[in-house]
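Chemist: Let me see the structure of the following:
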Amino acid sequence: MTSQVASLPPRWSAPDGVWTEPDLHLFPPDGHRYEIVDGCLHAAPPPPESHEAVVRAVVTTLRSAAPPGWWVCDRLGIAINGGTSGESNLVPDVTVLRPRSSGAIWSDPADVALVVEVETPATRRYDRILKPSLYAEAGIHAFWRVEPGRATPLLRTYILSGSRYRSEHSLEGAEPVKLDAPYPVRIAPAAWI
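Modeler: This is a model prediction of the structure:
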């Protein structure tokens, strides 16, 4: 009987109230993405390797152009205070932090200059509708979404205008295009595959 108990996966239970950041530590590092939106748990399946390759390429592109003091990180969490609806703890694929950021495990939105989401079939609606609205409400200046394109990834860039994002660019192909946010950077989405 003891050997059967030892082979069972560890059990956990949901919190009595809303989910909070400490509850995220209950989950194993199994490749799933666990996030909290307004106190509710959201889990996404592990992304395919093609997604991970694009994330690495975006990080490399942004790091190579980053001025001194700027940080480009993959999967760095952002803590968004939701007031009465509960807090949100989101984990973008790529985050660009301004110089003199706090360096906290969960970044303050005021330290974040850009978030990037690389879309997968499992995260498409989440990356297009819910997460951008939360990033905009938190005051994050720029948002990029990388989608599957015809032959190369398609990059859509957005800039905060009031409390919403305004579409700025749709880029695809091998011809480099200069963008100004979060800092001057030349982008050629074809180089990301």
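Chemist: what ranges do the helices span in this protein?
Modeler: In the chain, helices defined by DSSP state H lie at 2-7, 49-65, 124-125, 131-137, listed in chain order.
Chemist: for the chain, what are the low-confidence residue spans?
Modeler: Counting by pLDDT under 70, the chain contains low-confidence ranges at 1-12, 82-85.
Chemist: circling back: now the helices of the chain as CSV including distance to R100 and mean neighbour count?
Modeler: All C-beta atoms are positioned from the backbone trio N, CA, C, and that covers glycine. As requested, the helices of the chain are arranged in CSV below (distance: least, CB to CB, whole Å; neighbours: other CB atoms under 10 Å):
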stretch, distance to R100, mean neighbour count
helix 2-7, 49, 7
helix 49-65, 18, 16
helix 124-125, 35, 12
helix 131-137, 21, 19
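Chemist: right, and those helices - which one's nearest K178?
Modeler: Judged by CB to CB, the one of these that comes nearest to K178 is helix 49-65, at 10.0 Å.
Chemist: Save the helices of the chain as CSV, and put in distance to A151 too.
Modeler: Supplementary listing: those in CSV, determined by distance: least, CB to CB, whole Å:
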stretch, distance to A151
helix 2-7, 47
helix 49-65, 14
helix 124-125, 19
helix 131-137, 25
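Chemist: Ok, which of those comes nearest L171?
Modeler: Of all those, it is helix 49-65 that lies closest to L171, at 11.8 Å by CB to CB.
Chemist: what packs against that closest one?
Modeler: Based on contacts counted as 3 or more CB pairs under 8 Å, 6 or more residues apart in numbering; DSSP states H and E, the elements that helix 49-65 packs against are strand 71-74, strand 94-97, strand 112-118, strand 142-147, strand 185-187.
Chemist: Just the angle for that helix relative to strand 112-118, thanks.
Modeler: Following axes from the mean of the first three to the mean of the last three CA atoms, to 10 degrees, one obtains 150 degrees for the angle between helix 49-65 and strand 112-118.
Chemist: Hey, what's the angle from helix 49-65 to strand 142-147? Just curious.
Modeler: Computed by the same axes, to 10 degrees, the angle between helix 49-65 and strand 142-147 is 140 degrees.
Chemist: give me phi/psi at the residue nearest to R75 when sequence neighbours are not counted?
Modeler: Closest residue in space to R75, ignoring its immediate chain neighbours: V91 at 5.4 Å, by CB to CB, 6 or more residues apart in numbering. The main-chain torsion angles of V91 are listed as degrees, to the nearest 10 and equal phi -130, psi 90.
Chemist: L76 is in contact with V91, correct?
Modeler: Yes - if you go by CB atoms under 8 Å, V91 and L76 touch, sitting 7.4 Å apart.
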